[in-house]
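A.B. asks: Okay, sequence plus prediction incoming.
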Amino acid sequence: MPERLHARVEACYQLAEQFFARRFERPQVSFKLRGQKAGVAHLNQNLLRFNAQLYRENTEHFLRQTVAHEVAHLIAHQMFGPRIQPHGEEWQLIMRGVYELPADRCHSYEIQRRPSMRYIYRCRCPEQEFPFTAQRHALVRKGRRYLCRSCRAPLAYSGQQRVE
């Protein structure tokens, strides 16, 4: 898997070097990105992080568009400095002029959300329940209190859980 992505990063850098007639330092590349983002460019660390799951599920488009998108951030930062807008003129110049790709800000990849546990809290109101995340449930266990907006009674854990 990483060989093709690394080769695409290198190809993007070579195109930028030809276009701008200068050399660019190659970034470190990581596949330790999770969640909804396909890629992230850490400008000051010269680091690219990519979402391995989204890469596997959308390989061809990811290689062509997402890799170029993130490399363009690093190139724009090195060419024009830290005060430019993330998807501003300079970045768009690189996407369109160097890579001949659309300057799309966001991907449209299908995101599979993992099921998450909800802890059911109740108040005095009939048929009212409040599904808390594990994080909020942990805060309650540490002493945080939440009140019902209708009856103003403290919410109490019902002992029930469900997966959403």
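C.D. replies: Now that the structure is in, tell me what you want to look at.
A.B. asks: remind me, longest strand of this protein?
C.D. replies: Criterion DSSP state E: the longest strand present in the chain is strand 156-163.
A.B. asks: Can you show me the helices along this protein?
C.D. replies: Ranges of helices in the chain, per DSSP state H, are 2-20, 52-57, 59-61, 67-80, 89-93, 134-141.
A.B. asks: sorry, back to before: run through who's touching the longest strand of the chain.
C.D. replies: Residues from elsewhere that reach strand 156-163, judged by CB atoms under 8 Å, 6 or more residues apart in numbering: 115-123, 129, 131, 137, 140. Every residue, glycine included, has its C-beta placed from N, CA and C.
A.B. asks: With stretch 43-63 instead?
C.D. replies: Outside stretch 43-63, the residues that touch it by CB under 8 Å, 6+ apart are 1, 4-5, 8-9, 25, 27-35, 37-42, 66-67, 70-71, 73-74, 77, 82, 107, 109-112.
A.B. asks: that older thread, filter the contacts of strand 156-163 down to the buried ones.
C.D. replies: Neighbour counting with 16 or more other CB atoms under 10 Å marks 118-123, 131, 137, 140 as buried within the contacts of strand 156-163.
A.B. asks: what about Phe31, neighbour count?
C.D. replies: Residues lying near Phe31 (other CB atoms under 10 Å) number 15.
A.B. asks: before we move on, the earlier item: Pro154: which of the contacts of strand 156-163 is nearest?
C.D. replies: Cys123 (7.4 Å; CB to CB).
A.B. asks: And Arg149, how close does it get to Arg136?
C.D. replies: 15 Å (CB to CB, to the nearest Å).
A.B. asks: higher neighbour count, the two?
C.D. replies: Arg136 (17 against 8).
A.B. asks: Can you give the distance of stretch 31-38 from its chain's centre?
C.D. replies: 5 Å (CA atoms, centre = their mean, to the nearest Å).
A.B. asks: what about it, how long is it end to end?
C.D. replies: Length of stretch 31-38, first residue to last, CA to CA, to the nearest Å: 10 Å.
A.B. asks: where in the protein is pLDDT low?
C.D. replies: By pLDDT under 70, the weakly predicted segments of the chain are 1.
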